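Chemist: structure for the following, please:
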Amino acid sequence: MQHKFFDKVVKAVFLVVALGYFGISSADDAGATMDPNGNVASFTGYALVTCTDDGNGPADHLVASIQDTSPPQDNLLVNLQIIKGNLANSTTDPVSGDGKYSPEARVHGGEGVYQLLVNKTGEGARSFLVSYHCQTNDTPPIHTGTTIVVRQFE
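Modeler: You can find the predicted model right below:
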């Protein structure tokens, strides 16, 4: 009985720490470990990213990529999806632990709230970083107001 209680307490503490880390990371980068016990294949992180005009011009799109910072493991990858209204795009880090981000996913949804999801392809703990930026339609794009709020991490 004590072991189950201890296990639940450890999970709860980790979740609070992970959510805090994800939520207070630098303005355009966030990271955590999905499924630290490695037994929830359907583990999903869900956040809302809001793009606004912070004086640099109106936001045109959200661009994001994901990096799996865990050691390589066969058939276990991290994915990222961006959704706004009826628009969506996704990307996968094809090589875990190589220090490189996935190709960028981009959704041209203008200003407002975008859904950002991270998940993995199977059982196993995965540490990751997400880079996300709201940008204008200029060439080159200019960074605009970008805020994130984590809604789910389980």
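Chemist: and K120, how close does it get to V78?
Modeler: 5 Å (CB to CB, to the nearest Å). To be clear about C-beta, it is placed using only N, CA and C from the backbone, and glycine gets the same treatment.
Chemist: what residues are shared contacts of those two?
Modeler: M34, R126 (CB atoms under 8 Å, 6 or more residues apart in numbering).
Chemist: helix or strand for the closest residue to L116 other than its chain neighbours, which one?
Modeler: Setting aside the residues directly before and after it, L116 is nearest to A47 in space (CB to CB, 6 or more residues apart in numbering), at 4.7 Å. Assessed by DSSP states H and E, A47 sits inside strand 44-52.
Chemist: and that strand, how far out from the chain middle?
Modeler: Strand 44-52 sits 8 Å away from the centroid of its parent chain (CA atoms, centre = their mean, to the nearest Å).
Chemist: residues of it that come out buried?
Modeler: T44, G45, A47, V49, T50, C51, T52 (16 or more other CB atoms under 10 Å).
Chemist: for those residues, which one is nearest Y114?
Modeler: V49 (4.8 Å; CB to CB).
Chemist: can you check the pLDDT for the closest one?
Modeler: We have a pLDDT of 97 for V49.
Chemist: surely it touches V118?
Modeler: No - if you go by CB atoms under 8 Å, V49 and V118 don't touch, sitting 12.0 Å apart.
Chemist: which element is the nearest residue to S90 once chain neighbours are set aside on?
Modeler: Spatially, and ignoring its direct neighbours in sequence, S90 is nearest to Q81 (4.3 Å; CB to CB, 6+ apart). Per DSSP H and E: Q81 is located in strand 78-84.
Chemist: that strand versus strand 44-52: what angle between them?
Modeler: Using axes from the mean of the first three to the mean of the last three CA atoms, to 10 degrees, the inter-axis angle of strand 78-84 relative to strand 44-52 is 40 degrees.
Chemist: who does strand 78-84 pair up with?
Modeler: Paired strands of strand 78-84, with direction, are strand 87-92 (antiparallel), strand 112-120 (antiparallel) (DSSP bridges).
Chemist: just say which of those is most tucked in.
Modeler: strand 112-120 (a mean of 21; mean count of other CB atoms under 10 Å).
Chemist: list of residues touching it?
Modeler: Applying CB under 8 Å, 6+ apart, the external contacts of strand 112-120 come out as 34-35, 41-51, 62, 64, 66, 76-84, 107, 126, 128, 130, 132, 148.
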